[in-house]
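> need coordinates for the following:
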Amino acid sequence: MNPEIALRLERALRRLSVQPNVSKLRVHRGDEPPLNLDVRPARPESNWLERDIGRSGATLGVEHHGAFDPAALNDAVAWCEDVLAATADVRELASARDQAARQEALLRSVLMTLTDGVLLYDRDMELIECNESAVRMFGASRLDQMSLREGPDRIEHVFRPGGGPLKFEEWPAYRAVKNREWVNRELLDYRRADGQQRWLLVNAAPVAAGAVMSIADLTDFHEARAIAEENVQVWQALVGALHEGVALFDVHGRVEELNAAAEQVLGVRQMDVREEPRMAVVTGAVDEQLRPVSELPYQTAKRTGRPVTGVVLGMKNRRGSLRWYLTSAVPLRDGRVVASIMDFTSVKSAAAESEQRKDEFISTLSHEMRTPLTSLAGALALLEAGAAGAVPPSAANLVQICSRSAARLTRLVNDVLDLEKIVAGSVPLTLAQHRVSDLIHHAVEAVAAASRQLGVEVVSVDRPVAVVATDADRVAQILANFLSNAVQHSSPGDRVELSTSEAGTHVRIAVRDYGPGVPAAFRSRLFTRFAQAEPQAARGGAGLGLSICKALARALGGDVGFAAQPDRGSVFWLTLPASPP
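Prediction:
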C-alpha cells in the first residue's frame, strides 16, 4: 500500500487503537498488501471483527478480547472511507489524464496520416493546428496567411469557381466559427504559389474551440472529368454522323440515347428521350423466314451478358413497307446495352434477286439436262447389257465410267429439282403422329450396314418418349444424311450418338460424332447450296444434302443446325414440333 495512504489511515485509526480491548487493526483492499497495526499483544480469547469501509471496496479488521467503544469503530470506518475516497479521486484523475493524453496522441497521429488537409481555427480565427497534408497543399508560407485574426477583405489565392477572389466572410472556417454554420462539399479554386490551379472540396464544422475545416484536393478528378466530358462530346459527334443507327438502352430496356439514324428506325426523337426515357418503338419484328421474333438483340445481350452480332431482322417502317436491318448489341458493365442497326434492305434485295436468278438458271438448266441425261443413261445401260452387240474389252471400262458419271449427273439434277420443289412448297408431306424413338430406330437401321463396314458404332443414348406430328419419310431422309456424314467422317472404332431433348415447343434430335469436326472457315456455309468443305476430296456428292435437309426441316415446322464441340467432333441437330401430351 502507498506509504502516504498508509500514514493517513494510521491517523484515521488512532482513536480506535487506544481502546484497551483492541490488540490489532488491519485494512485490506483488493489485491493490495494489507495495512497491519499491532496495538498490543493478542490474548488467546481474542476475536476478529470485520467491517466494510463504505463503497471503497476495502475492509477494516479488528482483533479484540472484549467490548470496546462502538462509536470509535464507526468513526474509524468513516475516516478510512474519506481517506480511500480521496485517493481514489486522485487516481481516477490521473487515469483520466493519461487516457486523454493517449487519445490526443492517437488523434494527432490519425490527423497526420490523413490525405485530406485539416485546419483547426480558434474563436479568434487564429490557425492553431494543421496536418502535413494541409502543408503540402498550401505550402508553409501560404498557411501563415490562413490565420485571419485581422479580418482581411478577401482570402488571397482562393476563388469561387468561375468568379472572383473569395471574400473574408465567405471563408468556410469563418462561417463555421462566427455563424456556427456547417459547410458541406463546397468547391473552391485555389492558385498555388507556382501558378498551378487546384480544385479543392471544402467542409467546415463548428467545434467548442472554434472550427475544423477539411480540404480534399479534387484536381485530378476534376481534370479527368473534364477530359471525359470532352471525349463524350467527340464520341457523340462521331456517332451522330454515322449512317448506322446507334441506340443506348438503360437497365430497364428503355431508349436512353440514340443518333439521328436510329431516330428514323425506332421512331423516337432524341429530344423526347432526353426529357423522358421511352420504350423502343420496335414491334412486329420478324426473322429471315418472316417468323415473329420474341426477343430483340439488345434484350438477348442484356439477359445473357454477352454481345450479339449479325442478327437480321425485318421491321415495317411508317409507310408499312418491310425493311431489313442488320443488328448487333453489346452489354455494358452497368447493365445498359449499346445496340447498332443498319438498313441493308437494298443489299438483301440485290442478294435475293441474284440468288433467285441463280436458282432459276440452275432449275432451267436441270430441266433441260434431265431429258438428255435420261436418254444418255438409258443408252449406256443398253450398251453394257450388250443390246448393240458385245462391247470390246478395251471399251468396256470406258462405258462403265460413262455410266457412273451419267448416274451421278442424274442424281445431281434430281437433287436440284427436289430442292426447288421443297423451297416452293410443292412437295407433298404426309403428316402423322410418330414416336421419336421409332424415328431414331429406323434411322439407325438405315445406316447399320454402312457403319458396320466402316467399323463405326451408331447408338441412341436415351429412350425418348416424345411424340411428334411429322412426315416420317422426310425425317428419315434428314437423319440419314446426318448419320451418313457422321459415319463417313469417323474413324474405325469411333462412336456416333443420337440423343433427344426438349427445345421449348419442339423436340430436338442431335447426332454427335467424334471425327475431325467442321473447319471453322466453312461453318457459316454449311447449309448453303453446293457447299463442300473439301471439294477436291468430295465423296461423290454435290453439296446439296444439307441444304435439302434445311428446306425439309423448315417445311415440317422445325429447323436444323450445327454446334462445334470443344474437344473433337460435331453435333448436327433437327427440331420438330412436339405433339401435346
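> just the pLDDT for D418.
We have a pLDDT of 64 for D418.
> give the closest residue to A553 in space, chain neighbours not counted.
V560 (4.6 Å; C-beta to C-beta, 6 or more residues apart in numbering). The way it works is simple: take the backbone N, C-alpha and C, and place the C-beta from them, glycine included.
> in which helix or strand would I find the spatially most central residue of the chain?
By C-alpha atoms, centre = their mean, the mean C-alpha position of the chain lies nearest to R333, the distance being 5.9 Å. Following DSSP states H and E, there is no helix or strand that holds R333.
> pull the contacting residues for it.
Listed by C-beta atoms under 8 Å, 6 or more residues apart in numbering, the contact set of R333 is empty.
> distance check, the residue nearest to A553 against V135.
75 Å (C-beta to C-beta, to the nearest Å).
> higher neighbour count, these two?
V560 (22 against 13; other C-beta atoms under 10 Å).
> for the more buried one, give me its contacts.
With C-beta under 8 Å, 6+ apart, V560 has these contacts: I478, F527, L546, C549, K550, A553, F572, W573, L574, T575.
> one more pass at 6 Å, please.
By C-beta atoms under 6 Å, 6 or more residues apart in numbering, the contact set of V560 is C549, K550, A553, L574.
> all strands of the stretch 351-500 of the chain, in order?
Listed in chain order, the strands of the stretch 351-500 of the chain (DSSP state E, counting those that start in this stretch) span 432-435, 457-460, 467-470, 495-503.
> could you say what helices and strands the longest helix that the chain contains packs with?
Using DSSP state H, we find that the single longest helix of the chain is helix 70-113. Judged by 3 or more C-beta pairs under 6 Å, 6 or more residues apart in numbering; DSSP states H and E, helix 70-113 is in contact with helix 3-12, helix 14-17, strand 47-53.
> could you point out which element follows it?
strand 117-122.
> most packed of the strands of the stretch 351-500 of the chain?
Counting by mean count of other C-beta atoms under 10 Å, strand 467-470 has the highest mean neighbour count of the strands of the stretch 351-500 of the chain, with a mean of 20.
> confirm that the residue nearest to A553 sits in a strand.
Yes: judged by DSSP: H, G, I helix; E, B strand; the rest coil, V560 forms part of a strand.
> so it bridges to which residues?
L574 (DSSP bridges).
> next one: it from L238, what distance?
Taking C-beta to C-beta, one finds V560 at 41 Å from L238.
> then V27?
91 Å.
> comparing the two, which residue is more hemmed in?
Set side by side, V27 and L238 show more neighbours around V27, with 26 against 11, by other C-beta under 10 Å.
> what helix or strand is the more buried one on?
strand 22-29.
> downstream of that strand, the next helix or strand is which one?
By DSSP H and E, the next helix or strand past strand 22-29 is strand 35-38.
> quick one, domains of this structure?
3-107, 114-222, 243-343, 349-424, 432-577 (automatic domain parsing).
> need those domains in a markdown table with distance to E229, can you?
Conversion of the domains of the chain to a markdown table gives the following (distance: least, C-beta to C-beta, whole Å):
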| stretch | distance to E229 |
| --- | --- |
| domain 3-107 | 40 |
| domain 114-222 | 11 |
| domain 243-343 | 15 |
| domain 349-424 | 43 |
| domain 432-577 | 42 |
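> what's the least confident stretch among these?
domain 349-424 (a mean of 69).
> how about the backbone phi and psi for A510?
Main-chain torsions, A510, degrees, to the nearest 10: phi -120, psi 140.
> thought it was touching S499?
Yes: judged on C-beta atoms under 6 Å, A510 makes contact with S499 at a distance of 5.1 Å.
> could you find the closest non-adjacent residue to G117?
Excluding its sequence neighbours, the residue lying closest to G117 (C-beta to C-beta, 6+ apart) is A134, at 3.4 Å.
> which residues touch A241?
By C-beta under 6 Å, 6+ apart, A241 has no neighbours at all.
> so what pLDDT did it get?
Confidence score, pLDDT, at A241: 75.
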